[in-house]
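Novice: how would this look folded up:
(chains A and B)
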Amino acid sequence: GDSVTQMEGPVTLSEEAFLTINCTYTATGYPSLFWYVQYPGEGLQLLLKATKADDKGSNKGFEATYRKETTSFHLEKGSVQVSDSAVYFCALREDTGRRALTFGSGTRLQVQP
Amino acid sequence: ETGVTQSPTHLIKTRGQQVTLRCSSQSGHNTVSWYQQALGQGPQFIFQYYREEENGRGNFPPRFSGLQFPNYSSELNVNALELDDSALYLCASSLGGTGAQEKLFFGSGTQLSVL
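Specialist: Here you go, the predicted model:
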């Protein structure tokens, strides 16, 4: 079945540091890929998405590129802020069948001033 | 603010009891899905309802059941609660589009503790 593997956290960075959170996936078809963010006490918010190979999703300075050859969708940001502290989830969804989201286990990011 | 509201926000039950969680979808959304998020884990898909019919289910036993009403609000019912049912339960609503065009809007969740 489908699965998503994320690097374990927490990831602790200083403000303005470069961020990479690794994500790899296993899927039977051609899934769409997503990054969601969860701030404390809140639900999940879609951060960015990519629907096909070599697509780059971007939002709020975050980027991720759909790499079919390495089955990866790593999240990057050039300069993190304290307000980026949250839990980040990589997810996939097949475009046929059930079309439910399959999530990774999440990576907690802590940004220190 | 996603427009998806869940109630209650917190709930404490004992093993063997039954619980009902509620979700009010964003206006105009005809599809609702439910996810279970155990502590330190990613959300896991429970089931999805489209126009009052279940149209997808994850690997959860039948004691997890749901309803969607004509106004597209939804309930998640769990019978015979077990300790492992302790989790954050998330509801997500959408317009029921196809593929990645179907953007999900998540509520803040109901934190269920089973003692």
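
Novice: Can you tell me the number of residues neighbouring the residue in chain A positioned nearest to chain B?
Specialist: As assessed by Cβ to the nearest Cβ, chain B sits closest to A:Phe103 within chain A, at 3.2 Å. C-beta: built from backbone N, CA, C; applies to glycine. For A:Phe103, the neighbour count with other Cβ atoms under 10 Å in any protein chain shown is 23.

Novice: List the beta-bridge partners for it.
Specialist: Judged by DSSP bridges, the bridge partners of A:Phe103 are A:Ala91.

Novice: so it touches A:Phe89, yeah?
Specialist: Yes. A:Phe103 is within contact range of A:Phe89, at 5.1 Å (criterion: Cβ atoms under 8 Å).

Novice: Common neighbours of those two, please.
Specialist: A:Tyr36, B:Gly42, B:Pro43 (Cβ atoms under 8 Å, 6 or more residues apart in numbering or on different chains).

Novice: Name the residues of chain B found near chain A, please.
Specialist: Contact residues, chain B versus chain A (Cβ under 8 Å from any Cβ of the partner chain): B:2, B:4, B:33, B:35, B:40-45, B:48, B:56-58, B:90, B:92, B:98-100, B:102-104, B:106-109.

Novice: For the closest residue to chain A within chain B, give its distance to B:Leu67.
Specialist: Ranked by Cβ to the nearest Cβ, the top residue of chain B for proximity to chain A is B:Gly42, at 3.2 Å. From B:Gly42 across to B:Leu67, the span is 25 Å (Cβ to Cβ, to the nearest Å).

Novice: now swap in A:Ser32 and tell me
Specialist: 28 Å.

Novice: So between those two, which is more surrounded?
Specialist: A:Ser32 (23 against 15).

Novice: in the sheet, who's paired with that one?
Specialist: A:Arg93.

Novice: Same check on A:Tyr25?
Specialist: The partner residues for A:Tyr25, given DSSP bridges, come to A:Val4.

Novice: Repeat that for A:Leu75.
Specialist: Going by DSSP bridges, A:Leu75 forms beta bridges with A:Ile21, A:Ala64.

Novice: So what touches the helix or strand bottoming out on mean pLDDT in chain B?
Specialist: Here the helix or strand of chain B ranked lowest by mean pLDDT, DSSP states H and E is strand B:53-57, holding a mean of 89. For strand B:53-57, contacts defined as Cβ under 8 Å, 6+ apart pick out A:Arg98, A:Arg99, A:Ala100, B:Ser33, B:Phe45, B:Ile46, B:Phe47, B:Gln48, B:Tyr49, B:Gly66, B:Gln68.

Novice: Might you report the residue contacts of the residue of chain A closest to chain B?
Specialist: A:Val4, A:Tyr36, A:Phe89, A:Cys90, A:Ala91, B:Gly42, B:Pro43, B:Gln44.

Novice: If we use 6 Å, what do you get?
Specialist: A:Phe89, A:Ala91, B:Gly42, B:Pro43 (Cβ atoms under 6 Å, 6 or more residues apart in numbering or on different chains).

Novice: ok, and the closest non-adjacent residue to A:Leu48?
Specialist: Residue nearest to A:Leu48 in three dimensions, not counting chain neighbours: A:Gly57, with 3.5 Å by Cβ to Cβ, 6 or more residues apart in numbering or on different chains.

Novice: Next, that neighbour: phi, psi?
Specialist: phi -90, psi 140 (degrees, to the nearest 10).

Novice: what number of residues lie near residue 64?
Specialist: Just so you know, I chose chain A. Neighbours of A:Ala64 using other Cβ under 10 Å come to 27.

Novice: if you could check chain B rather than the one you did, that'd help
Specialist: Neighbours of B:Phe64 (other Cβ under 10 Å): 18.
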